[in-house]
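Visitor: Okay, predicted coordinates and the sequence, questions at the end:
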Amino acid sequence: MRQWLGRRLRRFFFLTVLLLALAAGTAYATIPDSNGGYTACMQKDNGSLRLIDPSLAPKNKLGECKPNETEATWNKAG
């Protein structure tokens, strides 16, 4: 019984830490940007959109469009 409770407690702790890390990552991303604008990458072949954060572009690839994508921007008004 004690081992079972210990495993459940470790699993709960791990999931809690994981959820907090995901929440922090989501809060770090600034979509929409400070002006209320959205930026996305649109695939040229099927038109699907992927929201990006251009402020991350110098640091990693999450803020950039791939070669087979076109950048699209819009704001709340359209």
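Guide: Cool, got the structure.

Visitor: how about the helices in the protein?
Guide: Taking DSSP state H as the test, the helices found in the chain are 2-28.

Visitor: if I pick W74, what's in contact with it?
Guide: The contact partners of W74, taken as Cβ atoms under 8 Å, 6 or more residues apart in numbering, are 37-38. Every C-beta, even on glycine, is put in place using the N, C-alpha and C of the backbone.

Visitor: and it, bridged to which residues?
Guide: Y38 (DSSP bridges).

Visitor: just use 5 as the starting number from now, easier for me
Guide: Fine by me, first position is 5 from now on; the one you just mentioned is W78.

Visitor: Tell me the spacing between the closest residue to L55 other than its chain neighbours and P58.
Guide: In space, and not counting its chain neighbours, L55 is closest to A44: 5.0 Å by Cβ to Cβ, 6 or more residues apart in numbering. With distances taken as Cβ to Cβ, to the nearest Å, A44 is found 10 Å from P58.

Visitor: Kindly report the same for A25.
Guide: 23 Å.

Visitor: Look at these two and report which has more neighbours.
Guide: For A25 versus P58, the count of surrounding residues by other Cβ atoms under 10 Å is larger for P58: 17 against 10.
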